[in-house]
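K.L.:
Pasting the sequence and the predicted coordinates here, then a few questions.
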There are 2 protein chains.
Amino acid sequence: MGRPRSFDDEVVLSRAMEAFWTNGYASTSPAQLAGAAGIAKGSLYNAFASKRELFEKCLDLYHRQIGELAKGLMEHPGTTRECLGDALRSVVDSDFAGPRRRGCLIGNTAVELAGQDAEIAQTIRRMQDDSTGWFAARIERGQRDGDVSSDLDPRAFAEHLSNTLAGLRVMAMTHEAPVLHRIIDTALALL
Amino acid sequence: MGRPRSFDDEVVLSRAMEAFWTNGYASTSPAQLAGAAGIAKGSLYNAFASKRELFEKCLDLYHRQIGELAKGLMEHPGTTRECLGDALRSVVDSDFAGPRRRGCLIGNTAVELAGQDAEIAQTIRRMQDDSTGWFAARIERGQRDGDVSSDLDPRAFAEHLSNTLAGLRVMAMTHEAPVLHRIIDTALALL
DNA sequence: CAGGTTTTAGACCGTTAGGTCAAGAAAGGT
DNA sequence: ACCTTTCTTGACCTAACGGTCTAAAACCTG
């Protein structure tokens, strides 16, 4: 009962996410968010309690999306090293696809907000741990396949990969693709 | 001639730098900057044309300071691997020294501003290249000392180290020291 | 189709942003 | 001692911030 929503929440969320991603949390105003979503500010605030809550939902959407992506990438054929290399390369290349560098929403948020907001920090940490988990799972599979030395600590190496990825997405703001590809090769050299 | 400055520019710059570092560019207001520096807003604007110009000078101060630091660290005794490991560990540990995580001003600025501002992006890039240069120089020395395999490409490995460092300072926002130390060990394992 | 309920758009609000300005204070030159 | 110059402070300015509210509109139920 009552007037139905004229917009799809997920679409609004997705557009808002893009805005936050390109401009950062502080530098994205409610007016911009509403504009990007194609609805009025009042409607935005009717659907989401605050800028902050909207942002958290955007973060979550981002996380779900990259989760899907990661799942797919980790199942690609090839050796563990090829698979992980392809995955990192495809993420880096996607950074260069758009007209503006914008890195990773999760990493950017870690930098912008984790230091001032313990709740956000915790959320971000969980998301990062998920990434590490996907890497670790792929490495463990590599060890079962006899693809990766069993001397290697999957957890430690996965952390290294997460760290490398976090670095790449900062470096992508100011470097060109060949440099980043070389970094990927070096980071994977000990596999 | 004229009334003399009641404050030392470098001190004001240094305090402003701390404020920008902990809060980010957008989230640090002129009022906060003046407050942190212990002078009135008017005086701040008399000494520096704009928030933007002040920020650029802060960035430069930061860069000069870490340049000094890096120069010292790269001259520490020990093997190349020990030296680089100690250097990375000491940077990471310094992230945990203060009450609030705040990462690296240069990396944070890359994330916050490089995507929207080509001039800042260039500045940041030059600073990052300097870091890579210091790493490369130390690795080359290691090769001359017979400490590091001559098969290793110093430039490529230095880029890998810069990337690892960029990652570490993002990860430091949400992770504890032991994880980061393990990452350092893994990143250096192929030396 | 009336009544109840929710959504819509945009006017509106108090606060703060980044920045300017005017009045006085502190120096050097003559 | 006075004049010029520069600095200092806090009041002041406009625009934008994050958010609220109201009146009209659109749907569902009975």
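P.N.:
That came through, no problem.
K.L.:
ok, A:A26 touching B:G24?
P.N.:
Yes. Using C-beta atoms under 8 Å, A:A26 is in contact with B:G24, at 7.0 Å. All C-beta atoms are positioned from the backbone trio N, CA, C, and that covers glycine.
K.L.:
any common contacting residues for those two?
P.N.:
In terms of C-beta atoms under 8 Å, 6 or more residues apart in numbering or on different chains, A:A26 and B:G24 are both contacted by the residues A:E112.
K.L.:
Between these two, point out the one with more neighbours.
P.N.:
For the pair A:A26 and B:G24, the greater number of neighbours falls to B:G24 (26 against 15), based on other C-beta atoms under 10 Å in any protein chain shown.
K.L.:
so how far is DNA strand D from the more buried one?
P.N.:
13 Å (C-beta to the nearest atom of the strand, to the nearest Å).
K.L.:
now do A:R126
P.N.:
Counting by C-beta to the nearest atom of the strand, the gap from A:R126 to DNA strand D is 24 Å.
K.L.:
again with A:Y45
P.N.:
Taking C-beta to the nearest atom of the strand, one finds A:Y45 at 4 Å from DNA strand D.
K.L.:
That residue reaches A:L33, doesn't it?
P.N.:
No. The criterion here is C-beta under 8 Å, and A:Y45 misses it with A:L33 at 10.0 Å.
K.L.:
Tell me which residues of the host helix or strand of A:Q122 come out buried.
P.N.:
Assessed by DSSP states H and E, A:Q122 sits inside helix A:118-144. By 16 or more other C-beta atoms under 10 Å in any protein chain shown, the buried positions in helix A:118-144 come out as A:120-121, A:123-125, A:127-128, A:130-132, A:134-136, A:138-142.
K.L.:
The helix or strand just after that helix - contacts with which helices or strands?
P.N.:
Following helix A:118-144 in sequence order, the next helix or strand is helix A:154-171 (DSSP H and E). Packed against helix A:154-171, as judged by 3 or more C-beta pairs under 8 Å, 6 or more residues apart in numbering or on different chains; DSSP states H and E, are the following elements: helix A:80-95, helix A:105-109, helix A:118-144, helix A:177-188, helix B:154-171, helix B:177-188.
K.L.:
Make TSV from these and add mean pLDDT to it.
P.N.:
What follows is those, written out as TSV (pLDDT from 0 to 100):
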stretch	mean pLDDT
helix A:80-95	98
helix A:105-109	99
helix A:118-144	98
helix A:177-188	98
helix B:154-171	99
helix B:177-188	98
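K.L.:
Quick one: closest of those helices to B:G72.
P.N.:
Among those, helix B:154-171 comes nearest to B:G72, with 16.1 Å by C-beta to C-beta.
K.L.:
Run a quick neighbour tally on A:A16.
P.N.:
Neighbours around A:A16, by other C-beta under 10 Å: 25.
K.L.:
What separation is there between it and DNA strand C?
P.N.:
14 Å.
K.L.:
Near DNA strand D, which residues of chain A are found?
P.N.:
Counting by C-beta under 7 Å from any atom of the strand, chain A comes close to DNA strand D at A:1-4, A:26, A:28-32, A:41-42, A:45-46, A:50-52.
K.L.:
Next step: those restricted to strands.
P.N.:
Among the residues of chain A next to DNA strand D, no residue falls in strands (DSSP state E).
K.L.:
can you narrow the residues you listed to ones near DNA strand C?
P.N.:
Among the residues of chain A next to DNA strand D, DNA strand C is touched by A:1-4, A:41-42, A:45-46 when using C-beta under 7 Å from any atom of the strand.
K.L.:
Including pLDDT, distance to B:A189 and neighbour count, could these go into JSON lines?
P.N.:
Output for those, formatted as JSON lines (pLDDT from 0 to 100; distance: C-beta to C-beta, whole Å; neighbours: other C-beta atoms under 10 Å in any protein chain shown):
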{"residue": "A:M1", "pLDDT": "80", "distance to B:A189": "64", "neighbour count": "3"}
{"residue": "A:G2", "pLDDT": "86", "distance to B:A189": "62", "neighbour count": "4"}
{"residue": "A:R3", "pLDDT": "92", "distance to B:A189": "62", "neighbour count": "5"}
{"residue": "A:P4", "pLDDT": "93", "distance to B:A189": "58", "neighbour count": "5"}
{"residue": "A:K41", "pLDDT": "98", "distance to B:A189": "53", "neighbour count": "14"}
{"residue": "A:G42", "pLDDT": "97", "distance to B:A189": "56", "neighbour count": "9"}
{"residue": "A:Y45", "pLDDT": "98", "distance to B:A189": "51", "neighbour count": "15"}
{"residue": "A:N46", "pLDDT": "98", "distance to B:A189": "54", "neighbour count": "11"}
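K.L.:
Greatest separation within those residues: which pair is it?
P.N.:
A:M1 and A:K41 (25.2 Å).
K.L.:
what's near enough to touch the residue in chain A positioned nearest to chain B?
P.N.:
Residue nearest to chain B within chain A: A:G167 (3.1 Å; C-beta to the nearest C-beta). By C-beta under 8 Å, 6+ apart, the residues touching A:G167 are A:183, B:162-168, B:170.
K.L.:
quick one: A:A31 and A:K41 touch, right?
P.N.:
Yes. Contact criterion C-beta under 8 Å: A:A31 and A:K41 qualify, at 6.3 Å.
K.L.:
helix/strand/coil for the spatially closest residue to A:N108 that is not a sequence neighbour?
P.N.:
Of all residues not flanking A:N108 in the chain, B:V111 sits nearest, at 5.1 Å (C-beta to C-beta, 6 or more residues apart in numbering or on different chains). For B:V111, the secondary structure call by DSSP: H, G, I helix; E, B strand; the rest coil comes out as helix.
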